[in-house]
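1. missing the sequence, but the structure's below:
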């Protein structure tokens, strides 16, 4: 995969993985049904603003055990990619932007996390230039590249969109049942996100050229 040289002169796009490029919640809840041995609610019915463990009607401690089992079993490798995920990432890089995949996956606590993530990306033909992980991922992105180069952020979690918004970044929220209670620039599929992001990349380039 040819990489855009991140030499400080190209625009940067930050894109989340779980819930944005791939169907994490649906995939995890199907696993949880087998792990708990009981039916789980429909992912389409997730109550906006409700923590996932409460939606699942379980304690937070047991939910964390289930999530650990999901990770230890390498289930991230089989998470379904949303339609248009590969095309979105390819088009961003083709437009001359540096694509940073920004995730909150707990890479520091799970030795298998990075291999599982990179396997999923390769399996689904997701292109990228850099992979950044951590709870303060958009703060970290700015530290890496500078605020002025970040032209777009695409995420599904309200708290991550808020983090990026407070940094005065252009934010697109991937529409999901669990984020309908907050108001950001909302996109309903990755094709729609692609059109907006490519427009923002073009506007950034025009501004740089005076």
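-> Noted; the coordinates are in hand. As the structure is a prediction and not an experimental result, all values here were calculated from the model. Numbers count the residues shown, from 1 in each chain.

2. From here on, just use CA atoms for contacts and neighbour counts.
-> Will do.

3. For the lowest-mean-pLDDT helix or strand in the chain, report the contacting residues that lie outside it.
-> When the helices and strands of the chain are scored by mean pLDDT, DSSP states H and E, helix 113-123 comes last with a mean of 89. Outside helix 113-123, the residues that touch it by CA atoms under 8 Å, 6 or more residues apart in numbering are 71, 74, 76-79, 105-107, 127.

4. Identify each buried residue in the helix or strand hosting residue 25, please.
-> Residue 25 belongs to helix 24-36 when elements are defined using DSSP states H and E. Of all the residues in helix 24-36, those buried under the rule 16 or more other CA atoms under 10 Å are 24-29, 31-32.

5. How about stretch 133-146?
-> Buried residues in stretch 133-146 (16+ other CA under 10 Å): 133, 137-139, 141-142, 145.

6. Break down this protein into its helices, ranges please.
-> 24-36, 52-55, 60-72, 85-94, 113-123, 137-145, 158-166, 190-208 (DSSP state H).

7. looking at those helices, which one has the lowest mean pLDDT?
-> Note on those: helix 113-123 shows the lowest mean pLDDT, a mean of 89.

8. Now do the buried residues in that one.
-> Here helix 113-123 shows 113-114, 116-117, 120-121 as buried, counting by 16+ other CA under 10 Å.

9. Next, the angle helix 60-72 makes with that helix.
-> Going by axes from the mean of the first three to the mean of the last three CA atoms, to 10 degrees, helix 113-123 is angled at 60 degrees with respect to helix 60-72.

10. and the angle from the least confident helix or strand of the chain to helix 85-94?
-> Using the same axes, to 10 degrees: helix 113-123 against helix 85-94 is 90 degrees.

11. for the buried residues of stretch 133-146, which one is nearest residue 41?
-> residue 133 (29.0 Å; CA to CA).

12. do you know how far the closest one is from residue 103?
-> Separation of residue 133 from residue 103 (CA to CA, to the nearest Å): 5 Å.

13. for residue 89, same thing?
-> With CA to CA as the criterion, residue 89 and residue 103 are 15 Å apart.
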